[in-house]
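>>> sequence and computational prediction follow.
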Amino acid sequence: MGLALAVEPPVTAPVLEDQALIAAALQGHGEAFGELVTRYERAVYNLALRTLRDRTEAEDAAQEAFFKAYRALGSFRPGAKFSTWIFTICYRACCDRLAKRKRLSPDELPDRADPSAGPETLAERNDEACRLRAAIDALPEKYRAVITLYHLQGVQYEEIATVLNLPLGTVKTHLFRAKEQLRKVLTA
């Protein structure tokens, strides 16, 4: 079973469109930032969900990421990729939430629903997709983040290194080890 889940779109057109939307948003056109949210909300939410493994927390983290991005839009570096920037903000928001969870005692932790549970979810997903999601969710967080960004979001190694603040070699190692763990689980 291959893990090639995402096909990379051409880089230049969306990046140029993103730059124009950012420029318009900086000039006070709120609908331009709204378009950026529409363009990236699913990918940001999916990153948060895979990192936090809780739908409500993922929604909150994604919303927080876009709020922080909007407030810091003036500090966005022209020519940079908006996707890398928003993924970084989202990932940091998720890390903050995970750190907060660790500080809480077990009886203070919020209930965390399994994102693959529920009758509507079981009805719309086939067994193979559920197994893959479960296998990804079972990965250690450092591997889960790399797999999510690379295979599910189509982010390149260099961008992953930027988002996760890791050396490029570490990203490649984490990705290799994550694939090995997935391969073992999915072929068992």
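Here it is on my side, so go on.

>>> the residue nearest to the spatial centre of the chain sits in which helix or strand?
For the chain, residue 47 is the residue whose C-alpha lies nearest the centre (C-alpha atoms, centre = their mean; 1.9 Å). When elements are assigned from DSSP states H and E, residue 47 belongs to helix 30-52.

>>> packing partners of that helix?
Under the contact criterion of 3 or more C-beta pairs under 8 Å, 6 or more residues apart in numbering; DSSP states H and E, helix 30-52 touches helix 12-26, helix 55-71, helix 82-103, helix 141-147. The C-beta positions use only the backbone N, C-alpha and C, and glycine is treated the same way.

>>> point to the helix or strand of this structure where mean pLDDT is at its lowest.
None of the helices or strands of the chain scores lower by mean pLDDT, DSSP states H and E than helix 119-124, at a mean of 47.

>>> before we move on, the earlier item: just the angle between the helix holding residue 47 and helix 55-71, please?
If you take axes from the mean of the first three to the mean of the last three C-alpha atoms, to 10 degrees, helix 30-52 sits at 140 degrees to helix 55-71.

>>> just to revisit the earlier point, redo the helices and strands packed on helix 30-52 as CSV? Include mean neighbour count, mean pLDDT and distance to residue 175.
Below are the helices and strands packed on helix 30-52 laid out as CSV (neighbours: other C-beta atoms under 10 Å; pLDDT from 0 to 100; distance: least, C-beta to C-beta, whole Å):
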stretch, mean neighbour count, mean pLDDT, distance to residue 175
helix 12-26, 15, 82, 23
helix 55-71, 18, 93, 22
helix 82-103, 18, 85, 16
helix 141-147, 21, 87, 5
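
>>> dump the ones you listed to TSV, plus distance to residue 33.
Listed next are the helices and strands packed on helix 30-52 as TSV, based on distance: least, C-beta to C-beta, whole Å:
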stretch	distance to residue 33
helix 12-26	4
helix 55-71	6
helix 82-103	10
helix 141-147	26
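
>>> residue 44: how many residues sit nearby?
Residue neighbour count, defined by other C-beta atoms under 10 Å, stands at 26 for residue 44.

>>> contacting residues around it?
The contact partners of residue 44, by C-beta atoms under 8 Å, 6 or more residues apart in numbering, come to 62, 65-66, 86-87, 90.

>>> of all the residues you listed, which two lie farthest apart?
Using C-beta to C-beta, the contacts of residue 44 reach their maximum pairwise distance at 66 and 87, which is 11.8 Å.
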